[in-house]
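[1] Can you look at this prediction? I've put the sequence above it.
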Amino acid sequence: MSRINTNIASQIGQRVLSQNIKSLNTSLERLSTGLRINRGKDDPAGLIASQNLQAEGAAINTAIGNAERADQLVNIAEGGLDEVSGLLGELQSLLTQTANDSGLSAEEKVANQLQVDSILQTIDRIAASTSFQGLKLLNGGLDFSTETVHANVNSYRINSAKLNFGDTRDVDIVVTGSAQVAGFFLSFGGASIDLGAGTDRFVVEVAGAKGSRELSFASGTTVADIVAAINSFTDVTGVAAAASGTGARLLSDEFGSSEFVSVRVIDDGNLNTAVAQAGVYLLGAADTDVAQTTGQTLFSAAGNKVTDEGQDVAATINGIVATTAGTKARINTDFLDVEINLLTGTSSGAEAQRLGAVTAFTITGGGAEFQLGGRVDISNKVSIGVQNVAARTLGRHDNSGTTYFLADLGAGRGLNLVDGNIDQAQNVVESAIREVSSLRGRLGAFQKNNIGATIRSLGVAAENTAAAQSVIRDADFAIETAALTRNQILVQSASQILTLANAQPQAVLQLLG
C-alpha cells in the first residue's frame, strides 16, 4: 500500500490499544476494589440482584438485633416474675402457718398479717417498677386491650394476637356442645326414707373427682338431712347435693369431662321393697334440674357402683376448633391465641352455655409486638400479651357469686389471716401461683421457640444472603489477576504494533528517490 493520507493500520492499532487499555483499567479497578460489579454497566442484571440481596441482608441483620433485644426484654420480665413467684411461695407458707389456729396466738396471727401486707405491697411494687428502657413490663401495659365483652364471657386471656396497624379483631365463639356437670337423682319416694325395718340402714358411698365418703342413714332420715350430710363432705368428694321433691340431686361441683359422680349402694335397707320408684336416675341431658323418667337403677342393683361423667364445652373460635376443658375454650394459632372461660349459672348447670354463636369480645390493640423478620409485614411480626401481676388482679377465684383477688388477703379485707376466710384465701393463693407460673411458662416458650429459633434461622439466612451476594458481585482474584496479566501484555503488544504502523508510511519516501 503506497497511500499516506489514510493510515488504516495505525487506526486499527489505535482502536485495539484503546480497547486493551480499557480492559486493563477494568482489571485494575476490580482488583483494587475487590468487586466484580462497580457500576451498572459492569453487569446490569447482576447489579440489580446484588442490591436486592444487600438490602435483604441489612434487614435480616437488623431483625437479628430486634430478636436479641426482645430476648433481653423477656429476661427482665422473667426476673420480676421470679421474684413474684418467690413471694407467693412465702405467702403460701404464712397461710399454712396461720391455718394452725389452735397453735397460734392472736399476736402471731397479727404478725403474719403484717408480713402478708408487706408481700402484697412488694408484689405491687415489682409490677409497677419492672421496666425495659422505661417500658413497664408487668403492670398490664403489655396486655391486649378489648371492648364489648359479651355477658356470657366469665373471664378471658389473650396470649397473642396479630393486628395490622389500626385494625381491630372480633373474637367469635360458636358453642356446639354445652359444658355439663356430672350427676344423679336419688329418689327416695318421699320426704324421708322408709326402710324395711327399724334396724335397717341405708348405706351409700358417694364419690367424686376429689374423693369418696361412705354414709349411713336410718329409717326416717329426711331428704334434707341426707343432703346436709353429703354437702358436709363436698370439699372432700367434689360432690354437692340439693333437695328436689322426693329425692336429692347429686352434682359435681365443677364442669367438664374430668368431673364425675359415682354412687355405690352398700346396703339398700330394703328401701326398694317399700318404695317402688326408689332408685338412681340419670339427670336430663339439657337440664340437670330434671331427672330422666327412664333408666332407673334400683338401689338394690347399684352395689357395683353407677357413674356419670361431666362434659367439656365444645366450641370453635374464629373458625378454629377449640381445645376445651370444662367451661374453658382455647385456640392457639400464629395469628390468635386466646382462652375464654364461658359463664355458667348455678352449680346445677341450669344456665350452662347455650348452643349458638356470640362475639365474645373485640381486640382493639395492645400487647408486646416484635419485628422478627426482614420484611415489615404481619407475617414477620410476633406478639405476646403480658398480664398485670399486681395483687388486685392476681389469683381470681369465684365463689358463690363473689370474686376474690390476691389483694383481698390484705388487712381488713375478707380473706385476711386474722379473722378472714382462710379456706378461700388458699384458693386465691393457688390461683395466683398458677397464673404466674403459666405466664412464666409462656414467656419461656416465647424465648425458646419464637426468639431462639428466629435468631438461629435468621443467622443462617444472613450467611446465605451474604454468600449469594458475594458470588454475584465480588471479584474472583484468580480470574482477575490472569486477566490483568493478559491485558498488560496486549497493551504492550498493541503499543509496539502501533509504532510499526505509524512508521510504515515512511517507506513511500524511497519512491521519491
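    Received the coordinates, thanks.
[2] Who does Ala218 form a beta bridge with?
    Beta-bridge partners of Ala218, counted by DSSP bridges, are Arg201.
[3] which residues touch it?
    Contacts here follow Cβ atoms under 8 Å, 6 or more residues apart in numbering; on that basis Ala218 touches Leu195, Gly198, Asp200, Arg201, Phe202. Every residue, glycine included, has its C-beta placed from N, CA and C.
[4] Any idea which of the residues you listed the model trusts least?
    By predicted confidence, the contacts of Ala218 are weakest at Gly198, whose pLDDT stands at 76.
[5] wait, is that residue part of a helix?
    No: membership of Gly198 in a helix is not supported by DSSP: H, G, I helix; E, B strand; the rest coil, which gives coil.
[6] That one reaches Gly269, doesn't it?
    No: using Cβ atoms under 8 Å as the test, Gly198 is too far from Gly269 to be in contact (10.4 Å).
[7] hey, which helix or strand in the protein has the poorest pLDDT?
    helix 271-274 (a mean of 65; mean pLDDT, DSSP states H and E).
[8] could you point out which element follows that one?
    Under the assignment DSSP states H and E, the closest C-terminal helix or strand after helix 271-274 is strand 279-282.
[9] how distant is that next one from the center of its chain?
    Relative to the chain's own centre, strand 279-282 is displaced by 43 Å; criterion: Cα atoms, centre = their mean, to the nearest Å.
[10] ok, Gly190 to Leu88 distance?
    For Gly190, the distance to Leu88 (Cβ to Cβ, to the nearest Å) stands at 51 Å.
[11] more crowded one of these two?
    Ranked by neighbour count (other Cβ atoms under 10 Å), Gly190 and Leu88 place Leu88 first, with 24 against 16.
[12] Grab the nearest non-local neighbour of that one.
    With Cβ to Cβ, 6 or more residues apart in numbering as the measure, Ile433 is the residue that lies nearest to Leu88, at 5.1 Å, once sequence neighbours are left out.
[13] State whether the one you found is indeed within a strand.
    No: with three-state DSSP as the criterion, Ile433 is located in helix rather than a strand.
[14] That one contacts Leu95, doesn't it?
    No: taking Cβ under 8 Å as the definition, Ile433 is not a contact partner of Leu95, at 11.2 Å.
[15] Can you pick out the most distant pair from the contacts of Ala218?
    Taking Cβ to Cβ, the two most distant members of those are Gly198 and Phe202; they sit 12.6 Å apart.
[16] which of those two has more neighbours?
    Per other Cβ under 10 Å, whichever of Gly198 and Phe202 has more neighbours is Phe202, with 25 against 8.
[17] Now do the more buried one against Leu271, distance only.
    As defined by Cβ to Cβ, Phe202 lies at a distance of 6 Å from Leu271.
[18] between those two, what contacts are shared?
    Counting by Cβ under 8 Å, 6+ apart, the residues touching both Phe202 and Leu271 are Ile193, Leu195, Phe299.
[19] Count the residues that sit near the first one.
    The reference is to Ile193. Residue crowding around Ile193 was assessed by other Cβ under 10 Å; the count is 25.
[20] what's near enough to touch it?
    If you count contacts by Cβ under 8 Å, 6+ apart, then Ile193 has Phe202, Phe217, Ser219, Gly220, Thr221, Val223, Ile226, Gly269, Leu271 around it.
[21] from the residues you listed, which is closest to Ala99?
    Nearest to Ala99 among the contacts of Ile193, counting by Cβ to Cβ, is Ile226 at 30.1 Å.
[22] Tell me the secondary structure at the closest one.
    On the three-state scheme (three-state DSSP), Ile226 is labelled helix.
[23] go on, Val175?
    Judged by three-state DSSP, the three-state class of Val175 is strand.
[24] Look up the residues forming beta bridges with it.
    Applying DSSP bridges to Val175 gives these bridge partners: Ala315, Gly356.
[25] any shared contact partners between Gly198 and Gly269?
    Ser219.
[26] can you count the residues close to the nearest residue to Leu104 once chain neighbours are set aside?
    Of all residues not flanking Leu104 in the chain, Thr98 sits nearest, at 6.4 Å (Cβ to Cβ, 6+ apart). The local packing of Thr98 (other Cβ under 10 Å) involves 21 other residues.
[27] My read is that Thr98 contacts Leu415, right?
    No: under the contact definition of Cβ under 8 Å, Thr98 does not touch Leu415, with a separation of 11.2 Å.
[28] which neighbours do the two share?
    Shared contacts of Thr98 and Leu415, defined by Cβ under 8 Å, 6+ apart, comprise Ile422.
[29] Give me the helices and strands touching the longest helix belonging to the chain, please.
    Secondary structure assigned by DSSP state H gives helix 44-98 as the longest helix of the chain. Helices and strands touching helix 44-98, as assessed by 3 or more Cβ pairs under 8 Å, 6 or more residues apart in numbering; DSSP states H and E, comprise helix 106-129, strand 131-132, strand 368-371, helix 422-445, helix 453-473.
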